[in-house]
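K.L.:
Dropping a prediction and its sequence here:
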Amino acid sequence: MKGRPHARELSGQLLEERAVRKKFASKLANRKEWVEAFLSWASRNLALPIFADIIEEANKKGATFDCAMIARTARAFLEQGALLPAQQLWASQCGNKIPSGESDFAFSGVKSTNRISYAPFSWIFPSSVGLTVTSSVANDLASIDFENKDPIRRLIAKKYMALPPGRHSIRVEADELGASSRSLLIRFKCQRQKIKNETEPRAKTHSVTDGPLLVDVPNEGCRVQTLGLIVGKGSGKNIRAIID
């Protein structure tokens, strides 16, 4: 039927009612199998105050949320440029156990069991066919090694950041880069919620062979940023990212 609301719209409208939220939060506390799907859906469809209220009410009913799930939800907020909700969600659920990683730019273990790797601002290491990324330590500094057997450029590491307004220098150092990997690229982008008919911020891409990447973070529209490292076919050892 034309004009018929979608189920997600109806769900969002129902949860605007305080009494409905309280009942749903109580069920959420007792149905752990709902949690992951709810967090994923809510981060994209619920107004932030409503989402926060449901989480708080569920906590009162004894609900606890896995920090890896909370990190994924916080990152969904960061992807939309919503810094404060991501910070508040992490602080309320996991911040007393695990730092957010917001001020830490060092690489953590790629396959580490250390729970710091779950934090929303920790480095993310996407997996791809033909790509291997491992951790290493050089001169007491955490770093990563990579080998990309695929001729297609691959993202080897990504991090959400909350750099303050002003000029920043981003540089990437390596002890070894194979000849075909010398085009290791830094990608920097401001994250913000997509608005209809508004141009999305463009990513800035920079070769590490050209020296540090200088970025000017504006006062508005760039509270969250992403930093990515992209490589071509080849290998590299002891890759380190330094942000000033």
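P.N.:
That came through fine. Just so it is clear, the model here is predicted, and its values are computed rather than measured.

K.L.:
and stretch 32-45, how far out from the chain's middle?
P.N.:
Stretch 32-45 sits 17 Å away from the centroid of its parent chain (C-alpha atoms, centre = their mean, to the nearest Å).

K.L.:
Could you do stretch 148-160 as well?
P.N.:
16 Å.

K.L.:
Contact partners for Pro165?
P.N.:
Shown in contact with Pro165 (C-beta atoms under 8 Å, 6 or more residues apart in numbering): Val217, Pro218, Asn219, Cys222. Using the backbone N, CA and C atoms, a C-beta is placed for each residue, glycine as well.

K.L.:
Wait, a helix at Gln88?
P.N.:
Yes. Counting by DSSP: H, G, I helix; E, B strand; the rest coil, Gln88 falls inside a helix.

K.L.:
beta partners of Ala241?
P.N.:
When bridges are called by DSSP bridges, Ala241 pairs up with Val172.

K.L.:
Ala63 versus that one, what's the distance?
P.N.:
Per C-beta to C-beta, to the nearest Å, Ala241 is found 37 Å from Ala63.

K.L.:
Check Pro126 too.
P.N.:
Distance, Pro126 to Ala63, using C-beta to C-beta: 30 Å.

K.L.:
Also Ser43?
P.N.:
Separation of Ser43 from Ala63 (C-beta to C-beta): 17 Å.

K.L.:
can you check Cys190 too?
P.N.:
To Ala63, Cys190 is 34 Å away according to C-beta to C-beta.

K.L.:
And stretch 146-153, end to end?
P.N.:
13 Å (C-alpha to C-alpha, to the nearest Å).

K.L.:
Any chance you could list what contacts that stretch?
P.N.:
Here stretch 146-153 makes contact (C-beta under 8 Å, 6+ apart) with 128-134, 154, 156, 181, 185, 230-236, 239.

K.L.:
Nearest to the spatial middle of this structure, which residue is it?
P.N.:
Arg75 (3.9 Å; C-alpha atoms, centre = their mean).

K.L.:
three-state assignment of that one?
P.N.:
The three-state label given to Arg75 by three-state DSSP is helix.

K.L.:
Look up how far Ser43 lies from it.
P.N.:
Here Arg75 is placed at a distance of 9 Å from Ser43 (C-beta to C-beta).

K.L.:
Next: Cys190.
P.N.:
In this view, Cys190 and Ser43 are 19 Å apart by C-beta to C-beta.

K.L.:
now the helices for the chain?
P.N.:
Counting by DSSP state H, the chain has these helices, from start to end: 7-14, 18-30, 32-45, 48-60, 67-79, 83-93.

K.L.:
JSON lines for those, including distance to Asn148?
P.N.:
Listed next are the helices of the chain as JSON lines, based on distance: least, C-beta to C-beta, whole Å:
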{"stretch": "helix 7-14", "distance to Asn148": "39"}
{"stretch": "helix 18-30", "distance to Asn148": "42"}
{"stretch": "helix 32-45", "distance to Asn148": "30"}
{"stretch": "helix 48-60", "distance to Asn148": "38"}
{"stretch": "helix 67-79", "distance to Asn148": "24"}
{"stretch": "helix 83-93", "distance to Asn148": "31"}
